[in-house]
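> Show me how the following folds:
(one chain, ligands or ions: 3)
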Amino acid sequence: QLKQNYYASVCPNVESIVRGAVNAKFKQTFVTVPATLRLFFHDCFVSGCDASVIVASANGNTAEKDHPDNLSLAGDGFDTVIKAKKAVDAVSQCRNKVSCADILALATRDVIVLAGGPSYKVELGRLDGLVSTAASVEGNLPHPDFKLDKLNSMFASRGLNQADMIALSAAHTLGFSHCSKFSNRLYSFNSGNKVDPTLDPNYANQLKGMCPKNVDPTIAVNMDPTTPTKFDNVYYKNLQQKKGLFESDQALFTDARSRPTVNAWAGNATAFNQAFITAMTKLGRFGVKTGRNGNIRRDCGVFN
Ligand code: HEM
Ligand SMILES: [Ca+2]
Ligand SMILES: [Ca+2]
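Numbering: from 1, shown residues only. Ligands and ions are numbered 1, 2, ... in the order given. Next up, the predicted model:
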């Protein structure tokens with residue numbers, strides 16, 4: 001039921017208004033890009049693409065954003081949506097006509113373009129969800145120690161196949177991770193190996209330098225050591241060189257079932273870009289709210 005020109009009559013310039021707000025935010029900080037992209041993923045995976053992740057805890061309700069798996073979402077992603085919503089609502093014709101969920105979907109496309117990634121048409125018409133609980137997050141987001149089977153099943157239950165999962169994982173071509181998310185791979189992997197044997201030893205040493213034991217928990221490192229601010233297929237080239245930061249990244253190359261796709265996209269940026277667009281479009285359809293199951297939030301962080 002989503003469609004590209006959903007707001008054509010009520011807010012015909014919504015795309016350029018959102019783009020303007022995203023560009024302004026991007027000029028302030030590059031973090032806008034990875035923060036917004038990850039926010040969209042965490043929103044869609046938990047009760048669908050309905051901006052439920054943006055709601056703040058209030059009135060005794062602990063919202064999604066306060067679940068441990070969401071505490072590392074960077075504030076700049078939330079701020080991007082709030083600023084774009086403000087820009088949309090500043091146009092009287094558009095006021096309270098465009099959902100926060102759609103603004104997040106548009107802003108996500110726009111940040112990918114700003115980082116040099118492919119542009120694509122965004123389907124619109126999502127309503128904002130009426131529920132956001134921390135409890136609903138539990139078990140619904142992938143963890144960095146997941147391997148292929150767990151990743152595939154979590155994505156499959158959202159209509160995304162293995163190719164979609166591999167394409168979307170390339171979001172880790174941008175952005176940062178805190179040391180705690182992967183330090184087990186450096187210091188305490190298993191009984192036989194302190195360092196994960198699927199990690200390049202030189203890269204492991206570099207990571208140890210940036211993430212010494214007992215490092216300040218606020219320290220974060222680039223997830224793509226080669227082109228951290230470019231949206232590109234270097235993510236797959238890193239996996240070929242055993243430079244995937246998480247086990248969930250490196251597993252895509254280690255596992256013979258997914259390796260052919262990694263190799264194909266490492267060698268063909270155009271094919272990767274197309275697969276990424278397909279997967280993002282499918283992700284954006286998941287769990288969409290319509291009719292009485294949603295509304296258009298006046299403030300993205302607060303239920304009406
Ligand atoms: C496949 C399973 C995935 C796992 C296990 C995973 C896990 C993680 C973890 C642990 C972090 C670091 C968080 C931190 O310490 O700050 C992270 C960052 C990030 N993830 Fe994922 N993720 C996955 C898939 C995705 C997908 C599908 C997307 C988007 C389409 C995505 C986008 C991002 C981005 C952009 C960042 C960087 C955020 C920033 O710099 O603020 N991830 N992910
Ligand atoms: Ca959601
Ligand atoms: Ca990159």
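> from memory L245 sits against F182, does it?
Yes: under the criterion of C-beta atoms under 8 Å, L245 makes contact with F182 at 5.6 Å. For the C-beta atoms, the positions are set from N, CA and C on the backbone; glycine is no exception.
> Now list whatever residues contact both of these two.
144, 207 (C-beta atoms under 8 Å, 6 or more residues apart in numbering).
> what about whatever residue of the stretch 201-304 of the chain ends up closest to ligand 1, which SS state?
Of all residues in the stretch 201-304 of the chain, S248 sits closest to ligand 1, at 4.0 Å by C-beta to the nearest ligand atom. Going by DSSP: H, G, I helix; E, B strand; the rest coil, the secondary structure assigned to S248 is helix.
> Mind pulling the model confidence for the spatially most central residue of the chain?
A centroid search over the chain (C-alpha atoms, centre = their mean) returns R38, at 2.3 Å, as the residue closest to the centre. pLDDT for R38: 98.
> quick one, what contacts it?
73-74, 77, 171, 175.
> Can you get me a residue count around K86?
Counted with other C-beta atoms under 10 Å, residues neighbouring K86 total 12.
> shouldn't it be in contact with A24?
No: using C-beta under 8 Å, K86 is not in contact with A24, being 11.0 Å away.
> hmm, back to that, name all residues that make contact with the residue of the stretch 201-304 of the chain closest to ligand 1.
142-147, 151, 169.
> Close to ligand 3: what parts of the protein are there?
Taking C-beta under 5 Å from the ion as the contact definition, the chain meets ligand 3 at 173, 224, 227, 230, 232, 234.
> how many other residues sit next to the residue of the stretch 151-300 of the chain at minimum distance from ligand 1?
Proximity to ligand 1, evaluated over the stretch 151-300 of the chain using C-beta to the nearest ligand atom, is greatest for G175 at 2.5 Å. By the measure other C-beta under 10 Å, the count of residues near G175 is 21.
> Could you count how many residues lie near the residue in the stretch 1-150 of the chain that ligand 2 sits nearest to?
At 3.6 Å from ligand 2, S52 is the closest residue in the stretch 1-150 of the chain, using C-beta to the ion. Using other C-beta under 10 Å, S52 has 28 neighbouring residues.
> which residues touch it?
43, 46, 63-64, 128-129, 131-132, 136 are the contacts of S52 under C-beta under 8 Å, 6+ apart.
> Same check on V33?
Taking C-beta under 8 Å, 6+ apart as the definition, contacts of V33 comprise 26, 111-112, 114-115, 174-175, 229, 231.
> same thing with Y6?
Per C-beta under 8 Å, 6+ apart, neighbours of Y6: 102, 123-125.
> make it 10 Å
Neighbouring residues of Y6 by C-beta atoms under 10 Å, 6 or more residues apart in numbering: 14, 98-99, 102, 122-126.
> With G175 instead?
30-31, 33-35, 37-38, 74, 115, 220, 222-224, 228-229.
> got CSV for the contacts of Y6, with secondary structure, pLDDT and distance to A8 too?
Shown next, in CSV, are the contacts of Y6 (DSSP: H, G, I helix; E, B strand; the rest coil; pLDDT from 0 to 100; distance: C-beta to C-beta, whole Å):
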residue, secondary structure, pLDDT, distance to A8
V14, helix, 98, 9
V98, coil, 98, 12
S99, coil, 98, 15
D102, helix, 98, 13
V122, coil, 98, 13
E123, coil, 98, 13
L124, strand, 98, 10
G125, coil, 98, 11
R126, coil, 98, 16
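> Make a markdown table out of those and add distance to D216.
Shown next, in a markdown table, are these (distance: C-beta to C-beta, whole Å):
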| residue | distance to D216 |
| --- | --- |
| V14 | 41 |
| V98 | 40 |
| S99 | 38 |
| D102 | 38 |
| V122 | 38 |
| E123 | 42 |
| L124 | 41 |
| G125 | 44 |
| R126 | 38 |
